[in-house]
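Participant: Predicted model, plus sequence, below.
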Amino acid sequence: MDERVRFVARLLEGEKMTALCREFAISRKTGYKIFDRYKESGLEALTDRSRRPWRYGNQLPQQVEAAILNLKREKPYWGARKIRERLLRRFSCEVKVPARSTIHALLDRHGLVQRQGRKRNPAQGTPLSLGQKPNELWCTDYKGEFRLGNKKYCYPLTVTDHASRFLLLCEALESTCESLAFTAFQRLFQERGLPGSMRSDNGVPFASPNSLFNLSKLSVWWLRLGITIERIQPGHPQQNGRHERMHLTLKTETTRPAGMNSLQQQSKFDDFLEEFNNERPHQALDMKCPAEVYTPATRPYRGLPELDYPFHDSTIHVTNCGRICLHRKKINLSTVFAGQAVGIKEVEEGIWLVSFMDYDLGHIDLEEKTLQPLDNPFGPKVLPM
């Protein structure tokens, strides 16, 4: 208020509106508004005015609000739906009964609703296989990002064969987005065939923290190809130690200094891959080079096989928004399954089992329109289609 009083006082002393508004850092519109308010109501008009509305369009009648709160205290386990039904019977046509959402909001404002914390899916590792033969287990990760000479970031995507240490892929990517990873892995599978398992950490795009079983579209694609998913435990990079050790050598020999751009950096990676596989002896391989131990994969990449569910009642395709439609009801599954076919089978009246490939995902309650997930089925003993 003091600022407004000084502003008006100096106007009354004859100072110009434009200069004063510039000094007080306000617009001329605001300045004239303050001055007009003073001329209408004097100094009282310069006090801070309440911004509370004069009336609330959706405010409940006091009688209805009291009835809701009293009923909730009498029946603490009743929700908004049951309370509204009781009000409809009590007031009949005398008073307009508010909507269920309005009743819930009122109860929430008075602290009568138990808030549930957001459901989270903490990342967990899976059992890890030994990968003793070439192509039984491939390991993948992004080596930590670094700046190129042109100040842009580079995200190297790498893949190694666990048994032979053979470096299968070292791709200079501009980000960790899923589409770039898809392209890189598809090219790798076309050139090298398919592994039995793929081991990664729990970061994107290999996993998704908010999806069902922490799956991502990339890992779902691997499953469709008959590749078992393995994930290390969070905070335990030693579970992918062979791959991490390769990253240390890669960083030393290809990023100090880094290339001027992604093409120059990729050339450095290609030279490193050739030397690492064909020239560098490895102590754990009895001083053999990885190329002397690695053998080509026997499973070729031929695209995605068709999904069939002969032991289920029907096959449903997941929508682009991650839902399945069953008896005209929409149930959220997960967007990572968008476009995929799942099998459904009624196990009890109104209870349906949902399966993806050979994996049972969970049960659908049609009345509640929810999916209750089963235990995570994605371990190292996954059988390919």
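Facilitator: Done, it's in. Numbering: from 1, shown residues only.

Participant: any idea which element the spatially most central residue of the chain lies in?
Facilitator: Nearest residue to the geometric centre of the chain (Cα atoms, centre = their mean): Asn210, 4.5 Å. Following DSSP states H and E, there is no helix or strand that holds Asn210.

Participant: give me the low-pLDDT residue ranges for the stretch 251-385 of the chain?
Facilitator: When residues are selected by pLDDT under 70, those of the stretch 251-385 of the chain lie in 378-385.

Participant: need the helices for it, in chain order.
Facilitator: 262-278, 290-293 (DSSP state H, counting those that start in this stretch).

Participant: would JSON lines of those with distance to Lys82 be doable?
Facilitator: Heads up, the C-betas are built off the backbone N, CA and C, glycines and all. Supplementary listing: those in JSON lines, determined by distance: least, Cβ to Cβ, whole Å:
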{"stretch": "helix 262-278", "distance to Lys82": "61"}
{"stretch": "helix 290-293", "distance to Lys82": "67"}
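
Participant: will you turn the ones you listed into a markdown table that also has mean neighbour count?
Facilitator: Shown next, in a markdown table, are the helices of the stretch 251-385 of the chain (neighbours: other Cβ atoms under 10 Å):
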| stretch | mean neighbour count |
| --- | --- |
| helix 262-278 | 16 |
| helix 290-293 | 18 |
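
Participant: Which one of the ones you listed lies nearest to Thr252?
Facilitator: Thr252 lies closest, by Cβ to Cβ, to one member of the helices of the stretch 251-385 of the chain: helix 262-278, at 10.0 Å.

Participant: for that closest one, packing partners?
Facilitator: strand 153-161, strand 167-173, helix 241-254, helix 290-293 (3 or more Cβ pairs under 8 Å, 6 or more residues apart in numbering; DSSP states H and E).

Participant: how much does that helix deviate in direction from strand 167-173?
Facilitator: Here helix 262-278 runs at an angle of 170 degrees relative to strand 167-173 (axes from the mean of the first three to the mean of the last three Cα atoms, to 10 degrees).

Participant: please renumber so the chain begins at 29
Facilitator: With the count now opening at 29, the last piece we talked about shows up as helix 290-306.

Participant: just the angle between helix 290-306 and strand 181-189, please?
Facilitator: Using the same axes, to 10 degrees: helix 290-306 against strand 181-189 is 20 degrees.

Participant: angle of helix 290-306 against helix 269-282?
Facilitator: Interaxial angle of helix 290-306 relative to helix 269-282 (the same axes, to 10 degrees): 130 degrees.
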